[in-house]
Structure formats: C-alpha cells, structure tokens
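[1] sequence and computational prediction follow.
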Amino acid sequence: MSHRHGTESISDKVLLWAMAKGSMNAKTAFLHNITDAGVTLAVLLGGAAIYWLEWNWVDPSSTCRSG
C-alpha cells in the first residue's frame, strides 16, 4: 500500500476499515489516516482563521496542541 499524501479517497478508508477487522496493522493504518485527516483539517481551519479573521494567536496555539 503506497502512501499518497492528500489523494486518499473515502473509498480507500472504507476498504482499509473493512480490512482492519482481523488485522492490527490495518487498524493502526486506518487510525493513522484518520489522525492525518484531522490534523490537515485543523491546519486548514487555522490558516483560514489567521488569513480572514487575523487571529494570529491560532498559529502558536495549534502548534502546541498538535505537537
């Protein structure tokens, strides 16, 4: 399984979840993908808040939370 940043589809995640039923490695890979998606969403929302709302405190705050 290749690791393609930003191009994973929902069908890939559904397939991985189906495979995860009996495999600890597949479960771990699924959770890793979900965590990556959450961090990506947080970065996008933080960037939007900084750009449009000028909330510059979001950058150091999100860095401390994701580290």
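    Perfect, thanks for sending it. Treat the numbers as computed from the prediction; the structure is a model and nothing was measured.
[2] so how far is G22 from N33?
    Distance of N33 to G22, computed by CB to CB, to the nearest Å: 18 Å. Where you see a C-beta, it was placed from the backbone N, CA and C, and this is true even at glycine.
[3] give me the more crowded residue out of those two.
    N33 (16 against 7; other CB atoms under 10 Å).
[4] just checking, that one touches V14?
    No - using CB atoms under 8 Å, N33 makes no contact with V14, being 11.1 Å away.
[5] over to N33. Which of the three states is it?
    helix (DSSP: H, G, I helix; E, B strand; the rest coil).
[6] again but with L16, I slipped
    Classified using three-state DSSP, L16 is helix.
[7] buried set for the lowest-mean-pLDDT helix or strand in the chain?
    When the helices and strands of the chain are scored by mean pLDDT, DSSP states H and E, helix 10-19 comes last with a mean of 72. Along helix 10-19, these residues count as buried under the neighbour rule (16 or more other CB atoms under 10 Å): L16, W17.
[8] who's in contact with it?
    A26, A29, F30, N33, I34 (CB atoms under 8 Å, 6 or more residues apart in numbering).
[9] okay, and G22 sits in which element?
    Per DSSP states H and E: G22 is located in neither a helix nor a strand.
[10] give me phi/psi at it?
    Dihedral angles of G22 (phi, psi; degrees, to the nearest 10) stand at phi -120, psi 10.
[11] show me the strands in this structure, by range?
    Counting by DSSP state E, no segments of the chain form strands.
[12] just for it, where's the confidence low?
    Applying pLDDT under 70 to the chain flags the ranges 1-8, 66-67.
[13] gap between the residue located most distally from the centre of it and T63?
    Note on the chain: the largest C-alpha distance from the chain mean falls to E54, namely 24.0 Å (CA atoms, centre = their mean). Relative to T63, E54 is positioned 18 Å away (CB to CB).
[14] just M24 next, same as before
    31 Å.
[15] please apply the same query to W57.
    Distance from W57 to T63, by CB to CB: 11 Å.
[16] with A37 instead?
    Relative to T63, and taking CB to CB, A37 is found at 19 Å.
[17] all helices of this protein, in order?
    10-19, 24-53, 58-66 (DSSP state H).
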